[in-house]
Each structure stands twice: as C-alpha cells, then as structure tokens.
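S.K.: Got a sequence here, can you build the structure:
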Amino acid sequence: MKIYYSPKQLAHRPQQFMMAGRLVPHLEVPERCERLLAAVQRASYVVEEPRDDFGMEWIARVHEPGYLEFLRTAWSRWSALKNAGPEILPNVHPYRGAHDDLAPRRPPRASSPVAQAGYYIGDLAAAVGAGTWESAVAAAHTALAAAEALLAGEHAAYALCRPPGHHAAADRAAGFCYLNNAAIAAELLRTQFARVAILDVDTHHGDGTQALFYRRADVQFVSIHTDPTGYYPFFSGYADEYGAGEGEGCNLNIPLARGSGDAEYLDALDDALEAVRAHRSEALVVSAGFDAHERDPLSALKVTNDGYRRIGDAIASLKLPTAIVQEGGYGLDLLGQNLVAFLGGFNLASRL
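M.R.: Below you'll find the model as predicted:
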C-alpha cells in the first residue's frame, strides 16, 4: 500500500478551542502526525512525500474562491490588527436572512478580518494561525497523491492528512478542518471513475462532506457516527437526510447510540457497505477517523483496537480502488496502534 505524508502539515499549531463554554488546550496537535508516521514506519510501510506541483486546481473545484483567499491571507491581515489575539477565532457571525436557504452564500461585503473570520469560520474549534494555510494545502496535496496513485493503478493508498477535513464545507472551516481532503480526492478520482463513494468512519458526522455532495449522484456519501442529537456537529448527520435533487438517495447517515461498541459498529458497517455496492461505485474514499475508540478523549463510542482491524477487513471486501484519508483520532497513545490495526485488516482482506 502506498502511504503519503508531508512534513509541511506540522506548521499548523492551534492553541485552544471551545468545549462546553471553556477554552481548552487544542487536541488537533502536530504530534498526531508524528505518532501516526512513527507507527507506519515501525510497521515497515514505505512513506513518500506528495509531489509539490499539484497547485490549487482540485482544491478550487471543492472550495469557493473567497474562502480560499481568506485562508491564504487572513493571518497577515489579522496579525496587523491592534491588540490582535494569538490566533484567529470568530467573535461575530452574520445573521440569517430571509433567503439564506434559497441560494449559495455570497462573499461578505465586509473587508475586516474580524468580520470575515465570523463568516468563514463556523465554530470555535477551527482557529487559524501562521501555519494553517501551509498545512491545510499540504494535507489536501497528500490526499491528492493517494487519489493519483489509484489513477495510476494502485489498489489502495493511505494519505496521512493533518489537519483533517470532513467538517470543512465549500466556504467554511469548522471542527478542526479547513480544506476537505476527502472531497478533493474524490473530485480527482471522478476524472477516471464514473461513480465514487466516500465512506466516513470518523466518530463525528462529516457535515462538510455531506453538504458538498448532497445534490450529486456521482459521489455518494455514507457516514457512521455518534448520534448528533447530543454530539458534534449537532445540526446534521440524521438518518432522514437522504440527499436532494439528483443526489436523492445517495446520502446515507447511520447514527449510533452513545456507548455502542464493536458489534453495533460492524452491523452498521454492513449496511454502509451494502449501500456502496448498490450505488455501483467504482472507487472509494475512506474518511478514516480513530476517535470512536473507547479511550479517545472525544469518543462517546466503545470501538476497540481489534474493532478497527475488523473495520479495515470489512471495507477491503468491497474490492474497490481505495484512498484512505486520515481524519480524527486524538488519543496520542492510541493513534498509531489503531491505524496499524486498520491498515493491517484492510491489507490482509484485500489479498484474499
């Protein structure tokens, strides 16, 4: 299996995020990359850097120009403000207008980086700092390298992406995410494969990915996640969200009750894989989060290390060209073993 990683992803160093009314130390830290990288190297995988000339073409197919310009320039404009804080966090959001749900959002007329932060950053978990843009682009390029490997004939590739991406929408950062790495990889895969599925196994619903493909039939989105009635992202991820327009029936959410473990998760995965087969997908992108583990600091589920091995094994049964894109997982002592278990299960099953 090809594995890709860029050290440029270490430049993003968020300091804090809001949890239940308190600013707490950030969990999406550079050490996540270092732990994952060390684990695959110990397991004798060969790690390659993505090529550095992908540019912005595929990123711009997923994200709005105004949003990309904000991410690229916000830090320099923010840091020039009098009494600017150590990182960009929103303190104001636009009010909802009468027609907000009827058309795509227009770029904000306000030029202040404070106003634009409120427009383009959806919550207090997606701080922007000096290295955020560099790392986010490097993560997207890492996902593109994995997708490109499939186009070249590889059966599977893993993209060690950080920051993660599945909460990022076309013009919004949220939930530790800035650029939607899985969606960007799927767009590249669409140049060769008529139908692509994105299977999200992070413990949080991939609301950004769902929003990007909700009205499309060529890219299916299937997500297994913690019940959002009491869990982030709260406002999407419900079982009655099926897609709309041409995409009706191409969106499947399988929310799990708090405390669900391996048995419940694998039952849900059976349903998810059957949906991918029914979609007649020709290639697969896996948004691979390991934050459903029973000891992850953000988990409300009880998936075990062996559960991740079995999840990888089951996904490989689809026999599809597969790009595995790293999403969440915040227990630093757990990350490496969960990744190696997942990849080991996938590799073993794919050889059978």
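S.K.: Helices of the chain, start to end?
M.R.: Taking DSSP state H as the criterion, the chain carries its helices at 31-42, 57-62, 65-79, 113-120, 132-151, 181-189, 207-213, 262-279, 305-316, 332-351.
S.K.: Quick check: which of those has the most neighbours on average?
M.R.: The highest mean neighbour count among those, using mean count of other C-beta atoms under 10 Å, belongs to helix 181-189: a mean of 30. Every C-beta, even on glycine, is put in place using the N, C-alpha and C of the backbone.
S.K.: residues in contact with that one?
M.R.: Residues from elsewhere that reach helix 181-189 (C-beta atoms under 8 Å, 6 or more residues apart in numbering): 58-59, 61-62, 139-140, 142-144, 146-148, 150-151, 159, 161, 164-166, 196, 198, 200, 206, 208-209, 212-213, 219, 283, 285, 287, 321, 323, 325, 327.
S.K.: Could you give the separation of it from the chain centroid?
M.R.: Relative to the chain's own centre, helix 181-189 is displaced by 11 Å; criterion: C-alpha atoms, centre = their mean, to the nearest Å.
S.K.: Go through the helices of the chain and name the closest to Y95.
M.R.: Ranking the helices of the chain by distance to Y95, with C-beta to C-beta as the measure, places helix 113-120 first at 10.6 Å.
S.K.: helices or strands up against the closest one?
M.R.: Helices and strands touching helix 113-120, by 3 or more C-beta pairs under 8 Å, 6 or more residues apart in numbering; DSSP states H and E, are helix 65-79.
S.K.: What average pLDDT does the helix it packs on get?
M.R.: Helix 65-79 shows a mean pLDDT of 97.
S.K.: Excluding its own residues, what touches that helix? List them.
M.R.: 56, 59-60, 84, 88, 107-108, 113-114, 116-117, 120, 128-130, 132-133, 136, 170-173, 178-179.
S.K.: cool, and stretch 128-137?
M.R.: For stretch 128-137, the external contacting residues (C-beta under 8 Å, 6+ apart) are 8-15, 56, 59, 71-72, 74-75, 78-79, 86-88, 117, 121, 162-163, 173, 178-179.
S.K.: Just the endpoints, please. Distance across it?
M.R.: For stretch 128-137, the first and last residues are 13 Å from each other (C-alpha to C-alpha, to the nearest Å).
S.K.: can you start the count at 39 instead of 1 from here on
M.R.: In the new count, where the first residue is 39, that last one comes out as stretch 166-175.
S.K.: Report the distance from it to the chain centre.
M.R.: Computed by C-alpha atoms, centre = their mean, the chain-centroid distance of stretch 166-175 equals 16 Å.
S.K.: Equivalent analysis for stretch 261-274, please.
M.R.: The chain centroid and the centroid of stretch 261-274 are separated by 15 Å, computed with C-alpha atoms, centre = their mean.
S.K.: for it, how far is the first residue from the last?
M.R.: Chord length of stretch 261-274, first to last residue, is 11 Å (C-alpha to C-alpha).
S.K.: go on, stretch 41-61?
M.R.: End-to-end distance of stretch 41-61 (C-alpha to C-alpha): 35 Å.
S.K.: From the chain's centroid, how far away is it?
M.R.: For stretch 41-61, the distance to the chain centre is 13 Å (C-alpha atoms, centre = their mean).
S.K.: mind listing what's buried in it?
M.R.: 41-44, 46-52, 54-55 (16 or more other C-beta atoms under 10 Å).
S.K.: Columns pLDDT and distance to G345 on top of those residues, output as JSON lines?
M.R.: Shown next, in JSON lines, are the buried residues of stretch 41-61 (pLDDT from 0 to 100; distance: C-beta to C-beta, whole Å):
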{"residue": "I41", "pLDDT": "98", "distance to G345": "22"}
{"residue": "Y42", "pLDDT": "98", "distance to G345": "25"}
{"residue": "Y43", "pLDDT": "98", "distance to G345": "25"}
{"residue": "S44", "pLDDT": "98", "distance to G345": "29"}
{"residue": "K46", "pLDDT": "98", "distance to G345": "32"}
{"residue": "Q47", "pLDDT": "98", "distance to G345": "27"}
{"residue": "L48", "pLDDT": "98", "distance to G345": "29"}
{"residue": "A49", "pLDDT": "98", "distance to G345": "33"}
{"residue": "H50", "pLDDT": "98", "distance to G345": "29"}
{"residue": "R51", "pLDDT": "98", "distance to G345": "31"}
{"residue": "P52", "pLDDT": "97", "distance to G345": "29"}
{"residue": "Q54", "pLDDT": "95", "distance to G345": "31"}
{"residue": "F55", "pLDDT": "95", "distance to G345": "27"}
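S.K.: can you put those in CSV and add distance to F273?
M.R.: Formatted as CSV, those follow (distance: C-beta to C-beta, whole Å):
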residue, distance to F273
I41, 34
Y42, 32
Y43, 33
S44, 32
K46, 32
Q47, 28
L48, 32
A49, 31
H50, 25
R51, 28
P52, 22
Q54, 23
F55, 18
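S.K.: Going by distance to E87, which of these wins?
M.R.: The closest of these, once distances to E87 are taken by C-beta to C-beta, is S44, at 5.6 Å.
S.K.: any low-confidence regions in the stretch 139-288 of the chain?
M.R.: For the stretch 139-288 of the chain, applying pLDDT under 70 flags the ranges 139-141.
S.K.: which stretches of it form strands?
M.R.: 194-197, 234-238, 257-264 (DSSP state E, counting those that start in this stretch).
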